[in-house]
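# Take a look and give me a structure for this.
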Amino acid sequence: METPPGVSLRRVDLSSASEMETAFDIVVGCERAAVGWTDSTRDSVRADLTGPDALVDAHRIAVVGGDAVGLLIVEVDRHGREVFLDAYAIGDDAAAVQEALMRSGLASAAELASADPAPGPPAGADPYALSPLMWQVVAAGYEQDAGYREALQGLAFHPIRRFWRMLLDVRGVSAHEPTPPEGVSRRLVSGEADRRLMHALFAESFAEHFGSSHDGPFDDWMASIEALPGADPSQWWLAMLDDVPVGVCLLDESKAEFGESYVRTLGVVPAARGRGVATWLLRCSAADAVRRGRTGLALSVDGQNTTGATALYQSLGFTTRQVIDVWCYPLLNASSR
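Residues are numbered from 1 along each chain as shown. Below you'll find the predicted structure:
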């Protein structure tokens, strides 16, 4: 795929309100063209561009014929050695513009990896299995977006996972707190000690989760959680089983303008699974959404997770409204791209 004639890339001016509005317009336009709707907000785009994981010098705006038609957002997990690229484009040459943006992102990722060399995976290891032993570039695209998929394939990205974005219609759900299973309760996260406990439970709950790097430093993890769009500590819960902390449930306001509450994180440690903790937390979350006047409860899930979460969500009435494929490019030859 050739780069469109006359395309140029420039840095994103994060200090410009009009530039941020342009970035938002590109994201929304791209998503609507790909899947017919969007739940991105100005806050979510701003958070991606300016959050603690943002590689701000690598963000790019693509310009064709004087018009801004593309946006590249680059984020990095230094602990997990993962660089995340989100390339958005609008117009007839959208896929080709996305490819040009992705090439820019690969170059930035290669520079980052060169400055912080990884030890490398063991001989014979799968180069597409996410690992902090090597730098990898990760991108995500909608299942329906054939043009973007072709661009990623052309750059030697490999599909490694599929995530489902799901929604529960809470109209008709009772606003009353559901009766918990025997021995199960919850309490709000309160204070530094609880936040550290939340981090520990999060790490244990997701230790075997795809792409997990949740054993990173508490301060870095906490900063990322607090910077998420719609973050609301008044909706952070610890789950208890026989008065022992066994799980976490973090809700936020990121989808409030669409009439939805969002389950940012729900995790239960392996030893406490099968006791109805996660089911009850989800029912509590649905009741809370009703009390807030919402019509839906949204979440995202790894479609191939091994904990049975997907089946649980479906059993409670969640339906899939978007499928997102995750792609990986091991940074072995990125400098040649």
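# Can you give me the buried ones in stretch 178-185?
Along stretch 178-185, the positions that meet the burial threshold by neighbour count (16 or more other C-beta atoms under 10 Å) are Pro180, Val184. The C-beta positions use only the backbone N, C-alpha and C, and glycine is treated the same way.
# hmm, who's touching stretch 286-306?
Residues outside stretch 286-306 that contact it (C-beta atoms under 8 Å, 6 or more residues apart in numbering) are 39, 161-171, 173-178, 208-210, 235, 251, 255-256, 258-263, 266, 282, 285, 309-310, 313, 318, 323-324.
# Apologies, that question was intended for stretch 35-53.
12, 14, 20-21, 23-24, 27-28, 31-32, 54, 56, 59, 73, 75-77, 84, 86, 142, 144-145, 220, 223-224, 227-230, 254-255, 257-258, 260, 298, 322.
# Centroid-wise, who is the farthest residue in this protein?
Here the chain has its C-alpha centre computed as a mean, and the residue farthest from that point, by C-alpha atoms, centre = their mean, is Glu182 with 33.6 Å.
# Would you mind giving both backbone torsions of it?
Backbone geometry at Glu182, expressed as degrees, to the nearest 10, gives phi -60, psi 130.
# Filter the contacts of stretch 35-53 down to the ones in helices?
Members of the contacts of stretch 35-53 lying in helices (criterion: DSSP state H): Met20, Glu21, Ala23, Phe24, Val27, Val28, Glu31, Arg32, Asp220, Ala223, Ser224, Ala227.
# Next, count neighbours for the fourth one.
Right, Phe24. Using other C-beta atoms under 10 Å, Phe24 is surrounded by 19 other residues.
# For it, give me its contacts.
Taking C-beta under 8 Å, 6+ apart as the definition, contacts of Phe24 comprise Ser40, Arg42, Val45.
# Identify the spatial nearest neighbour of the last one, chain neighbours not counted.
Excluding its sequence neighbours, the residue lying closest to Val45 (C-beta to C-beta, 6 or more residues apart in numbering) is Phe24, at 4.8 Å.
# returning to that earlier point: could I get the contacts of Phe24 as TSV with secondary structure, neighbour count and pLDDT?
TSV is the format used below for the contacts of Phe24 (DSSP: H, G, I helix; E, B strand; the rest coil; neighbours: other C-beta atoms under 10 Å; pLDDT from 0 to 100):
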residue	secondary structure	neighbour count	pLDDT
Ser40	coil	17	95
Arg42	helix	16	96
Val45	helix	23	97
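# I'd like those residues as JSON lines, with distance to Trp135 appended.
As requested, the contacts of Phe24 are exported to JSON lines (distance: C-beta to C-beta, whole Å):
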{"residue": "Ser40", "distance to Trp135": "27"}
{"residue": "Arg42", "distance to Trp135": "31"}
{"residue": "Val45", "distance to Trp135": "26"}
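# hmm, back to that, so for the residue nearest to Val45, what's the pLDDT?
Predicted confidence (pLDDT) at Phe24: the value is 98.
# With Asn333 instead?
At Asn333 the predicted local distance difference test score is 49.
# element containing Val284, please.
Quick fix: residue 284 is Cys, not Val. Using DSSP states H and E, Cys284 sits in helix 277-291.
# Thank you kindly, that will do.
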